[in-house]
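# structure for the following, please:
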Amino acid sequence: MIVGKNNTTIERRRFTLAHELAHKVIPEIGKEVETEKEKERLMHRFSGAFLMPGEHLKAEIGSTRHAFAYRELIQLKHHYGVSASSFLMRLLALGMVSSDAITTAFRTYARTWKTSEPEPLALSASPRSETPMRFQQLVYRAIAEQMISLPRAAELLNQPMQEVENQVRGPAARHADHRQ
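Next up is the predicted model:
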């Protein structure tokens, strides 16, 4: 039996349950590693692979990315039901983004993600609503990869340019702009 805390986000609970499942399903891993820290790191990798399969991720977002828009990451974390931080770390583990891109993310729009989950999944028993998001996701990807301009993205999304820019940069960047 695996028991988890109720006072954590759904994303955190899912990852913790996958981590504990790894301990139960593959206990022999503990015999192959030298330290407890290394064992826990392997369990985290299992959790990431279990919740975010590499081949599916690559098919969904491409095998290599240079950058992500904030809104795109939020949509993807909701799609996979994981925390934004664990999503970024899974991309790094798969070699889909560079460590520099991860460092940049955690210094900018993701700087508060270690302590506060951005736009957490709802704590309801009902299934998540299914809304087509592929077009929006592709537009945000095109912005992040500098394939289209911000005005063009706003036009495609039929949203004000300031709103699209806010979705690209994320709330941490907006708060930083206000402090200057």
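# for Lys77, see how far away Gln167 is.
Look at Gln167 and Lys77: by C-beta to C-beta, to the nearest Å, they are 14 Å apart. Heads up, the C-betas are built off the backbone N, CA and C, glycines and all.
# pLDDT wise, what is the residue of the chain most remote from its centre at?
Distance from the centre of the chain peaks at Lys31, with 30.8 Å (C-alpha atoms, centre = their mean). Note on Lys31: pLDDT of 72.
# and for Ala122?
Ala122 is given a pLDDT of 77.
# count of residues packed around it?
Ala122 has 11 neighbouring residues, counting by other C-beta atoms under 10 Å.
# run through the helices of the chain in chain order.
10-25, 29-32, 36-51, 54-61, 70-80, 84-93, 99-107, 134-144, 150-157, 161-169, 171-179 (DSSP state H).
# save these as JSON lines, and put in distance to Pro118 too.
Below are those laid out as JSON lines (distance: least, C-beta to C-beta, whole Å):
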{"stretch": "helix 10-25", "distance to Pro118": "10"}
{"stretch": "helix 29-32", "distance to Pro118": "31"}
{"stretch": "helix 36-51", "distance to Pro118": "17"}
{"stretch": "helix 54-61", "distance to Pro118": "18"}
{"stretch": "helix 70-80", "distance to Pro118": "6"}
{"stretch": "helix 84-93", "distance to Pro118": "5"}
{"stretch": "helix 99-107", "distance to Pro118": "12"}
{"stretch": "helix 134-144", "distance to Pro118": "15"}
{"stretch": "helix 150-157", "distance to Pro118": "20"}
{"stretch": "helix 161-169", "distance to Pro118": "12"}
{"stretch": "helix 171-179", "distance to Pro118": "7"}
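# surely Met133 meets Gln75?
Yes - assessed by C-beta atoms under 8 Å, Met133 is found in contact with Gln75 at 5.4 Å.
# quickly list the domain ranges of the chain.
As recorded under automatic domain parsing, the domains making up the chain are 1-51, 53-179.
# could you check how far the first one is from the centre of its chain?
Spelled out, it's domain 1-51. Relative to its parent chain, domain 1-51 has a centroid offset of 18 Å by C-alpha atoms, centre = their mean, to the nearest Å.
# residues touching Phe68, list them.
Applying C-beta atoms under 8 Å, 6 or more residues apart in numbering to Phe68 gives the contacts Val97, Ala105, Tyr140, Arg141, Ala144.
# compare these and tell me which has the most neighbours.
Tyr140 (25 neighbours).
# got the contact list for that one?
Per C-beta under 8 Å, 6+ apart, neighbours of Tyr140: Phe68, Ala69, Arg71, Glu72, Gln75, Ala153, Gln167, Val168.
# dump those residues to a markdown table, plus distance to Gly81 and pLDDT.
As requested, the contacts of Tyr140 are exported to a markdown table (distance: C-beta to C-beta, whole Å; pLDDT from 0 to 100):
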| residue | distance to Gly81 | pLDDT |
| --- | --- | --- |
| Phe68 | 18 | 85 |
| Ala69 | 20 | 87 |
| Arg71 | 17 | 91 |
| Glu72 | 16 | 90 |
| Gln75 | 12 | 91 |
| Ala153 | 27 | 94 |
| Gln167 | 21 | 91 |
| Val168 | 23 | 90 |
